[in-house]
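Q: For reference, the sequence and a predicted model appear below.
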Amino acid sequence: MTDQRPVIAAVDGSENGNRALEWAISQALLAGAPLRIVHARLYMNSIGFALGAPPTEDGVGDDPVLVRVRGALEGRAGLPPISYASHPGTPDHVLPGLGEDARVMVLGSRGRGGFASLLLGSNGLACASRAACPVVVVPRAGPSARDPYGQVVLGVNSASPDDSTTFFAFREAALRRARLQVVVAHPWPAPAVTAVGAIGTAVHDETAATAQVTALASAHVRPHAERFPEVEVELAAAPGDAAGHLVAASQAADLIVIGRHRKRPLSPHLGSVTNAVLLHAACPVAVVPLGEDAVPAAA
């Protein structure tokens, strides 16, 4: 059965939102999926409080952001099937819940400014940390006017790899007919616990440590590579900071794919690596819910 869940593009009238919309259009065309363009809308009441705008029957109504977007796209050839929806409320409350029936949600890295339209910051991070579908954040610099690099980059935690994230990366590479570079990093010098419980430095060979994480990542990737035999896979294991390796790889990638932080009590859902990559990557970044949180993909 073909996955016909929509690609959601969250717009707010900003240039960054428009750039994300263009990426979402391309994504929907690649996937053969419909596109749903949404706007979380507020209005001010007579005493200055922000309220959710009343929902409109046709999904656009008098929502000025969606009216402008629809006008800009009207008559344009080669678009996927498009629907529009204006939702009352703030983006951080509205957008995460829309992922329940979506293939992917696409956001700009920054909105117009102001609490009503900021997409990254508290609202964008809320989407990346809580949405039930993968969330793609398109950076402010945006994909440049260039040919694709033909490369998707997947960040793998060898200690706890996630099948949902890896499947998403392989599927995206297959859609783009791109190579998949699997980046797996390990700390060096490696930490060790001494007899008295203090943190010390493990004394062992760096080459052996790299070989160990390479073997773990290879075993994790193998069944996905068998499912997507058309995808060329390159495994890059190296000591050091995972975020640094991924940000460096983003300079020659069309998409970075990373998993969401595992849920822990009193802990945010986005880990330090995910936050760093979102802030500094040169290409769009997909944050994928881990297996226990993910909405199952259609076969």
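A: Cool, got the structure. All values derive from a computational prediction rather than experimental measurement.

Q: can you pull out the strands in the stretch 1-150 of the chain?
A: 7-10, 35-44, 50-52, 82-88, 104-108, 135-138 (DSSP state E, counting those that start in this stretch).

Q: Which of the ones you listed comes out lowest on mean pLDDT?
A: Within those, confidence is poorest for strand 50-52, with a mean of 46 (mean pLDDT).

Q: can you list contacts of whichever strand or helix holds residue 209?
A: Taking DSSP states H and E as the definition, residue 209 sits inside helix 206-227. Helix 206-227 is touched from outside by 156, 158-159, 161, 163, 166-167, 170, 182, 184-186, 188, 190, 231, 233, 235, 237-239, with contacts defined as C-beta atoms under 8 Å, 6 or more residues apart in numbering. C-beta here means a position set from N, CA and C on the backbone, and glycine is covered the same way.

Q: Can you show me the CA trace of it as PDB?
A: Output of helix 206-227 as PDB, limited to C-alpha atoms (Å, rounded to 0.1, in the frame of the first residue of the first chain):
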ATOM      1  CA  GLU A 206      41.600   4.100  19.300                       C
ATOM      2  CA  THR A 207      41.600   1.900  16.100                       C
ATOM      3  CA  ALA A 208      40.000  -0.900  18.100                       C
ATOM      4  CA  ALA A 209      37.300   1.500  19.400                       C
ATOM      5  CA  THR A 210      36.500   2.700  15.900                       C
ATOM      6  CA  ALA A 211      36.300  -0.800  14.700                       C
ATOM      7  CA  GLN A 212      33.900  -1.700  17.500                       C
ATOM      8  CA  VAL A 213      31.500   1.100  16.700                       C
ATOM      9  CA  THR A 214      31.800   0.400  13.000                       C
ATOM     10  CA  ALA A 215      30.800  -3.300  13.600                       C
ATOM     11  CA  LEU A 216      27.800  -2.200  15.700                       C
ATOM     12  CA  ALA A 217      26.600   0.300  13.100                       C
ATOM     13  CA  SER A 218      27.100  -2.100  10.200                       C
ATOM     14  CA  ALA A 219      25.000  -4.700  12.000                       C
ATOM     15  CA  HIS A 220      22.200  -2.200  12.600                       C
ATOM     16  CA  VAL A 221      22.300  -0.900   9.000                       C
ATOM     17  CA  ARG A 222      22.400  -4.300   7.200                       C
ATOM     18  CA  PRO A 223      18.700  -5.200   7.200                       C
ATOM     19  CA  HIS A 224      17.800  -1.700   5.900                       C
ATOM     20  CA  ALA A 225      20.400  -1.900   3.200                       C
ATOM     21  CA  GLU A 226      18.800  -5.300   2.100                       C
ATOM     22  CA  ARG A 227      15.400  -3.600   2.000                       C
END
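
Q: ok, back up a step: among the contacts of helix 206-227, which are in helices?
A: Using DSSP state H, the subset of the contacts of helix 206-227 located in helices is 163, 166-167, 170.

Q: Alright, that wraps it up for me.
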